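Peer 1: Here is a sequence together with a model predicted from it:
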Amino acid sequence: MPSPPARYRRLLGTYLAPQRTRMVVLATLMLIDLVLQLGLPRVVQTFIDSATGGGELRALLWIGVAYLGVALGQNWAVVGWQYVAQNVGLLATNRIRADLTRHCLQLDMGFHNARTPGELIERVDGDVAKLQNFLSQFVVQVILNGLLLVGVVVLLFLIDWRVGLPSAVSVVVAVVCAGALTRPLATYSLKERQASAELFGLLEERLSGTEDIRANGAVAYVLRRHIERSRVLFRTSVIRALLGMLSWRSLNTAITIGALLSLTIGALLALDGVLTIGQVYLIFAYTTMLNHPVEQLMRQLDDLQQATASIARVQQLFATEPQVVDAERGAQLPDGPLSVELDAVSFAYPDDELVLREVSTLLPAGTTLGLLGRTGSGKTTLTRLLLRLYDPSVGTVRLGGVDLRRVPNADLRARVAIVTQDVQLFSATVRDNLTFFDATIPDVRIMTALDTLSMGDWVRALPAGLDTPLASGGTGLSAGQAQLLAFARAFLRDPGLIILDEASSRLDPATERQLEHALARLLHGRTAIIIAHRLGTLERVDHIMILEDGRVRERGLRAELVRDPASRFVQLLQVGMEDALV
């Protein structure tokens, strides 16, 4: 991975370059703030020297007006640059979030299976939130506060070199102290981000399984794990905070000592008549002003340490390459129903044994395959290969005679629809849940699909029809209603291949009968693979394939297998398929 400075340059170049105009405005306003901030004590010095030197009242009034103008100008400059900085930071971080989300969605299932949703949320949102100040103010703040420190020291030297020398030495000591604490701060900032991600992952995983946890009496165990992770986060956060406090106090002490020495020398020179009372005030104002840039630089240093850890984690996520490489300009699938061919396909999940072993089969276009097998025999894995959520470890998967590795993923998933027993519904309207947020699908087409499934009247009876909002996960819907909405999604896709993975297992007998005629319409003229345990679901299939331990145990036409008393399929029918395949 590139060094931290290289990572900073890459991030700044990518997400701030499109905002050059805003950055110029930001730098200009901050420069105005700097100049006016340094000029304000000069106005007060002029007023004091004029007043003590017998200046005219009119001149004093004009100096007062000048002070008011400079003070107002500085305040408005601060308001202006803070507003622009907030805009720059929010625009940049929102773009990073969008790019990270897009990148994560393009990664294969192996990546997502290895990480909890809570960990990814912390990466996409928590880490990116730490970058807002870094992206909006860091570079400009460091430069301008550095210039403010230099400017104050130079102005003190201009008053008298003996006044400027202690402050200059204190600034150098402060910078050395800050540099010495940079590395341990960065180390513990990274540990803190990792501990936070682990805690969020644990919370998401446990909270999503609240019902099972309470039902099985595992609450105490979950609380114990939560306390353990919280303690790790607490320890790393405390150490990082202590290092930050130590760094700040070291700098503050060095600057305070330097300022005290400069002020003392200035007072002694005033007593000797070398300096005026106004100049003594100027020394006091500038030495006091040294604390502000040091405080700002310390905040930026703290932000830099947290940003360093966050940037490393963000760029590590960006650097993660999908194992399933998309064919951006690949072959096109033929129109109409798609044939399915598996040629000596073997597959194993990462760090696991083979799930499929040398599976070969050919399903002609427009026919239906009933796929049977015990739990863990490889049925669902086979469907994941057909959707190219994974690539086979060995062998080739073809649809319509085309190797899936040559087909762009977007084109593939537009031609293949899957309905599973676990329906994912979003916190959105009925329309958006059916169309997956595709606004180009007209309502007439949606209602036609729903009428086919005998759900049209139900949707029309909803308070806002298709615009009725649904809760995340389909809360408030029956299992049958949620499943029928999933079938309606498949209708709208008009796919060349349909996969039904235990799609009717959650339906009650009445709802399943309601679905029977709809399935006939859905499967007509299309290739279909049906995974089921219920005998009635497989009555309409043309072919049967039985998997055992990842291998093809039996494959043939259903009509022929039924007539063969020695076939495995007949044996399953005799003993009760629902019992034999669990």
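Peer 2: Yes, it's here.

Peer 1: Break down the chain into its strands, ranges please.
Peer 2: 340-348, 354-363, 368-373, 394-399, 402-403, 416-420, 428-429, 469-470, 497-501, 527-531, 543-548, 551-557 (DSSP state E).

Peer 1: mind listing what the longest one pairs with, with the direction of each?
Peer 2: Read that as strand 354-363. strand 340-348 (antiparallel) (DSSP bridges).

Peer 1: okay, residue 322: pLDDT?
Peer 2: Note for residue 322: predicted pLDDT of 81.

Peer 1: Tell me which residues touch it, please.
Peer 2: Applying Cβ atoms under 8 Å, 6 or more residues apart in numbering, we find residue 322 in contact with 106, 107, 108, 111. All C-beta atoms are positioned from the backbone trio N, CA, C, and that covers glycine.

Peer 1: That one and residue 409, how far apart?
Peer 2: Taking Cβ to Cβ, to the nearest Å as the measure, residue 322 falls 10 Å from residue 409.

Peer 1: Go ahead and name everything in contact with stretch 276-284.
Peer 2: Residues contacting stretch 276-284 (Cβ under 8 Å, 6+ apart): 41-42, 44-49, 52, 155-156, 159, 163, 262-263, 266-267, 270, 275.

Peer 1: What ranges in the stretch 301-450 of the chain fall below the confidence cut-off?
Peer 2: Along the stretch 301-450 of the chain, the model assigns pLDDT under 70 to residues 302, 305-306.

Peer 1: Which residue ranges of it form helices?
Peer 2: Ranges of helices in the stretch 301-450 of the chain, per DSSP state H, counting those that start in this stretch, are 379-386, 409-415, 430-435, 443-452.

Peer 1: Show me what the shortest one packs onto, helices and strands only.
Peer 2: Where contact means 3 or more Cβ pairs under 8 Å, 6 or more residues apart in numbering; DSSP states H and E, helix 430-435 is packed against helix 443-452, helix 479-493.

Peer 1: Out of those helices, which is the most enclosed?
Peer 2: Sort those by mean neighbour count, taking mean count of other Cβ atoms under 10 Å, and helix 479-493 sits at the top with a mean of 20.

Peer 1: Can you list the helices and strands that that helix packs against?
Peer 2: strand 416-420, helix 430-435, helix 443-452, helix 509-523.

Peer 1: for the strands of the chain, which one sits closest to residue 126?
Peer 2: strand 428-429 (24.7 Å; Cβ to Cβ).

Peer 1: partners of that closest one in the sheet?
Peer 2: Partners of strand 428-429 in its sheet, by DSSP bridges: strand 469-470 (antiparallel).

Peer 1: gap between the strand it pairs with and the chain center?
Peer 2: 24 Å (Cα atoms, centre = their mean, to the nearest Å).

Peer 1: next one: stretch 367-380
Peer 2: 35 Å.

Peer 1: Could you list the buried residues of it?
Peer 2: 367, 368, 369, 370, 371, 372, 373, 377, 378, 379, 380 (16 or more other Cβ atoms under 10 Å).

Peer 1: Show me how this structure divides into domains.
Peer 2: As assigned by automatic domain parsing, the chain contains the domains 4-319, 340-580.

Peer 1: could you redo the ones you listed as JSON lines and give each row distance to residue 332?
Peer 2: Listed next are the domains of the chain as JSON lines, based on distance: least, Cβ to Cβ, whole Å:
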{"stretch": "domain 4-319", "distance to residue 332": "21"}
{"stretch": "domain 340-580", "distance to residue 332": "7"}
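
Peer 1: Return the member of the ones you listed having the minimum mean pLDDT.
Peer 2: domain 4-319 - the lowest mean pLDDT of the domains of the chain, at a mean of 79.

Peer 1: What's the separation between the one residue sitting closest to the centre of the chain and residue 253?
Peer 2: Centroid check for the chain by Cα atoms, centre = their mean gives residue 124 as the closest residue, at 2.2 Å. From residue 124 over to residue 253 the distance is 40 Å, taken as Cβ to Cβ.

Peer 1: now do residue 278
Peer 2: If you go by Cβ to Cβ, the gap between residue 278 and residue 253 works out to 29 Å.

Peer 1: So which of the two has more stuff around it?
Peer 2: residue 278 (21 against 14; other Cβ atoms under 10 Å).

Peer 1: need the longest helix for the chain.
Peer 2: Longest helix in the chain, counting residues (DSSP state H): helix 219-271.

Peer 1: For that one, name the packing helices and strands.
Peer 2: Using 3+ Cβ pairs under 8 Å, 6+ apart, helix 219-271 sits against helix 161-180, helix 182-208, helix 277-289, helix 291-319.

Peer 1: Could you save these as JSON lines and add columns showing distance to residue 73?
Peer 2: Converted to JSON lines, the helices and strands packed on helix 219-271 look like this (distance: least, Cβ to Cβ, whole Å):
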{"stretch": "helix 161-180", "distance to residue 73": "26"}
{"stretch": "helix 182-208", "distance to residue 73": "35"}
{"stretch": "helix 277-289", "distance to residue 73": "17"}
{"stretch": "helix 291-319", "distance to residue 73": "18"}
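
Peer 1: among those, which is nearest residue 567?
Peer 2: Here helix 182-208 is closest among the helices and strands packed on helix 219-271 (Cβ to Cβ), at 42.7 Å.

Peer 1: Now do the contacts for residue 510.
Peer 2: Residue 510 neighbours (Cβ under 8 Å, 6+ apart): none.

Peer 1: Same check on residue 406?
Peer 2: Contacts of residue 406 by Cβ under 8 Å, 6+ apart are 327, 330, 331.

Peer 1: Relative to residue 307, which of these is nearest.
Peer 2: residue 327 (36.6 Å).

Peer 1: Count the neighbours of the closest one for me.
Peer 2: The number of residues near residue 327, taken as other Cβ under 10 Å, comes to 16.

Peer 1: just checking, it touches residue 407?
Peer 2: Yes: contact criterion Cβ atoms under 8 Å: residue 327 and residue 407 qualify, at 6.0 Å.

Peer 1: Excluding chain neighbours, what is closest to residue 402?
Peer 2: The shortest distance from residue 402 to any non-neighbouring residue, by Cβ to Cβ, 6 or more residues apart in numbering, is to residue 331 (4.9 Å).

Peer 1: Pop out the phi and psi values for that neighbour.
Peer 2: Dihedral pair for residue 331: phi -80, psi 160, per degrees, to the nearest 10.

Peer 1: Now do it against residue 405, distance only.
Peer 2: Residue 331 is 10 Å from residue 405, by Cβ to Cβ.

Peer 1: Likewise for residue 390?
Peer 2: 12 Å.

Peer 1: the more surrounded of those two?
Peer 2: Using other Cβ under 10 Å as the criterion, residue 390 and residue 405 rank with residue 390 on top: 20 against 17.
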